[in-house]
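Engineer: Sequence first, predicted model second:
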Amino acid sequence: MGILHDDVVIITEPEKEGDPSVITINCPDKTGLGCDLCRIILFFGLSIVRGDVSTDGKWCFLVFWVVGNPGTRWGLLKKRLMETCPSFSSASGISYYCHELQSPKTPDVFLLKFCCYDRKGILHDVTGVLCELELTIKKVKVSTTPDGKVMDLFFVTDTRELLHTNKRKDEVSDHLKAATGNAMISCDIEMVGPESTACSQSSSFLPSVLMEDMFHLEMPDELPSGLVTSSCVSVNMDNSLSPGHTLVQIMCKDHKGLLYDIMRTLKDYNIQISYGRFSSKQRRNCEIDLFIVQADGKKIVDPSKQNALKSRLQMELLRPLRVAVVSKGPDTELLVANPVELSGKGRPLVFHDTTLALKMLNTGIFSAKIGRHLVKDREWEVYGVLLDEGDGLPVPRNKIEEGVWNMLMGWE
């Protein structure tokens, strides 16, 4: 028997206000599928408060209880989740969910040049429109001219793969006009080569004092300095409870994208989850139980492999992103960084949430840039925002760090 097209992803909205919506996914399995699904859910502004995952290695069944965005476009979310699920076919004559197997196509990159008059919060307004239209920001360069104009250069890809059409370009321009009003001067979109968003080998733009502290991927002997989610993340591994699986038990404080951070780490290590359960308790405390195997289908018995995975999980849950406010000559710069998945995909909504936090803190942006940089043999997405200090910073540096961190963690 197969499964009908509409049954691959089922979304059940709550009967009572305040209850979570339930997303049920039933499809063929692949390593990293949980990560890909959690990334989409995070992109749509939803938080997973409970989750159940089970698979026999070929077929998987996932249930996510989600809360958050009241304006969620559930139909579009279902479509994006279905596109991520692996294809399958059936010998039966009934029409089952089936697409041709194709290698992932490298998305076209477009340069969106947006010129407008400056005002506080306008960069977030523009970023919000791009996210709403499913344009993924790959690289940004924003600058303010002496006469009060802003030139935004966004290198983007289009999830809908329509940005080469005039209709889609007009849609983007119209939405930007609606969001910015009379501040908008012009909007131009053109296709550019993929090399424009290539990863830079240089990290010379970063203050050397931050290099050692910001870009650790494994857990140091002592709690890392800087902002962390909590003072303790517990990760334990046990091979005695299952003959064929390693049990990973995690206890930590909840944050936005928590399950995504766990899933992307396991995906990078090519780890398969056979069964998993996630629940968020009171006071943002979370408990996660995962029965996992390696790519060869065996449990993890090598102590060095166990320690490496444990250390990496601890670090990713303590510091899923890096946030720091630093001096750049006479200026003040906000730096936000996160590791890129080995698949090349970045964390969703980081620039959106960063600009929203600055808008709420009434802190202006003089210039901004996003780029990918190779640091310590790992690709990082780094956001550099030069703050507008025309009349001095409205809030202290540490409050800016905390405000941005809390927004990114979903604690605002």
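Structural biologist: Looks like it came in fine.
Engineer: Please name the bridge partners of residue 373.
Structural biologist: Note on residue 373: beta-bridge partners residue 200, residue 380, judged by DSSP bridges.
Engineer: Correct me if wrong, but residue 232 is in a helix.
Structural biologist: No: Residue 232 is assigned coil when assessed by DSSP: H, G, I helix; E, B strand; the rest coil, not a helix.
Engineer: how much space between the residue most central in space within the chain and residue 160?
Structural biologist: Of all residues in the chain, the one closest to the mean position by CA atoms, centre = their mean is residue 347, 2.4 Å from it. Between residue 347 and residue 160 the computed distance is 21 Å (CB to CB, to the nearest Å). All C-beta atoms are positioned from the backbone trio N, CA, C, and that covers glycine.
Engineer: Kindly report the same for residue 133.
Structural biologist: 8 Å.
Engineer: got the contact list for residue 293?
Structural biologist: For residue 293, the contact set (CB atoms under 8 Å, 6 or more residues apart in numbering) comprises 244-246, 271-272, 274, 299-300.
Engineer: Recalculate using a threshold of 10 Å.
Structural biologist: Residue 293 makes contacts with 57, 242, 244-246, 271-274, 299-300, as judged by CB atoms under 10 Å, 6 or more residues apart in numbering.
Engineer: got any ranges where the stretch 51-200 of the chain has weak pLDDT?
Structural biologist: For the stretch 51-200 of the chain, residues meeting the criterion pLDDT under 70 lie at 88-104, 200.
Engineer: For it, which segments count as strands?
Structural biologist: 59-68, 109-117, 135-144, 149-158, 184-192 (DSSP state E, counting those that start in this stretch).
Engineer: Can you report how many residues lie near residue 352?
Structural biologist: 20 (other CB atoms under 10 Å).
Engineer: Tell me the confidence at it?
Structural biologist: For residue 352, the model assigns a pLDDT of 95.
Engineer: tell me the SS of it?
Structural biologist: With three-state DSSP as the criterion, residue 352 reads helix.
Engineer: OK, contacts around it?
Structural biologist: Contacts of residue 352 (CB under 10 Å, 6+ apart): 43, 45, 124, 127-128, 130-132, 137, 407-408.
Engineer: circling back to that earlier point, dump the contacts of residue 293 into JSON lines; add distance to residue 194 as well.
Structural biologist: Formatted as JSON lines, the contacts of residue 293 follow (distance: CB to CB, whole Å):
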{"residue": "57", "distance to residue 194": "34"}
{"residue": "242", "distance to residue 194": "44"}
{"residue": "244", "distance to residue 194": "42"}
{"residue": "245", "distance to residue 194": "40"}
{"residue": "246", "distance to residue 194": "39"}
{"residue": "271", "distance to residue 194": "30"}
{"residue": "272", "distance to residue 194": "31"}
{"residue": "273", "distance to residue 194": "32"}
{"residue": "274", "distance to residue 194": "37"}
{"residue": "299", "distance to residue 194": "40"}
{"residue": "300", "distance to residue 194": "37"}
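Engineer: of the residues you listed, closest to residue 311?
Structural biologist: residue 300 (13.4 Å; CB to CB).
Engineer: quick one: pLDDT of the spatially closest residue to that closest one that is not a sequence neighbour?
Structural biologist: Leaving aside its sequence neighbours, residue 300 sits nearest to residue 246 (CB to CB, 6 or more residues apart in numbering; 4.6 Å). What the model reports as pLDDT for residue 246 is 97.
Engineer: partners of residue 246 in the sheet?
Structural biologist: residue 292.
Engineer: Hmm, it is touching residue 237, no?
Structural biologist: Yes: with contact defined as CB atoms under 10 Å, residue 246 reaches residue 237; the gap is 5.7 Å.
Engineer: Just checking the distance from the helix or strand containing residue 42 to the centre of its chain.
Structural biologist: Assessed by DSSP states H and E, residue 42 sits inside helix 33-43. Computed by CA atoms, centre = their mean, to the nearest Å, the separation of helix 33-43 from the middle of its chain amounts to 8 Å.
Engineer: Check the gap between residue 87 and residue 55 for me.
Structural biologist: From residue 87 to residue 55 the distance is 17 Å (CB to CB).
Engineer: Please say which of those two ends up with more neighbours.
Structural biologist: Set side by side, residue 87 and residue 55 show more neighbours around residue 55, with 19 against 12, by other CB under 10 Å.
Engineer: That one and residue 245 touch, don't they?
Structural biologist: No: contact criterion CB under 10 Å: residue 55 and residue 245 do not qualify, at 11.6 Å.
Engineer: Can you pull the residues that touch both of those two?
Structural biologist: Joint contacts of residue 55 and residue 245 (CB under 10 Å, 6+ apart) are 272-275.
Engineer: From those, keep the buried residues only.
Structural biologist: Neighbour-count burial (16 or more other CB atoms under 10 Å) is assigned, among the shared contacts of residue 55 and residue 245, to 272-275.
Engineer: which one of those residues is nearest residue 82?
Structural biologist: Using CB to CB, those come closest to residue 82 at residue 273, 20.5 Å.
Engineer: mind checking the SS state of that closest one?
Structural biologist: strand.
Engineer: Might one say that it is in contact with residue 52?
Structural biologist: No: if you go by CB under 10 Å, residue 273 and residue 52 don't touch, sitting 11.1 Å apart.
Engineer: Which residues are in contact with each of these two?
Structural biologist: Contacts common to residue 273 and residue 52, judged by CB under 10 Å, 6+ apart, are residue 62.
Engineer: hang on, the earlier thing: narrow the contacts of residue 352 to those that are buried.
Structural biologist: Judged by 16+ other CB under 10 Å, buried ones among the contacts of residue 352: 43, 45, 124, 127-128, 130-131, 137, 407-408.
Engineer: so which of the residues you listed comes closest to residue 389?
Structural biologist: Nearest member of the buried ones among the contacts of residue 352 to residue 389, counting by CB to CB, is residue 124, at 18.5 Å.
Engineer: Please name the residues that touch the nearest residue to that closest one once chain neighbours are set aside.
Structural biologist: Once flanking residues are discounted, residue 124 sits nearest to residue 355: 3.6 Å by CB to CB, 6+ apart. Applying CB under 10 Å, 6+ apart, we find residue 355 in contact with 121-128, 142, 365, 368, 383, 385, 404, 407.
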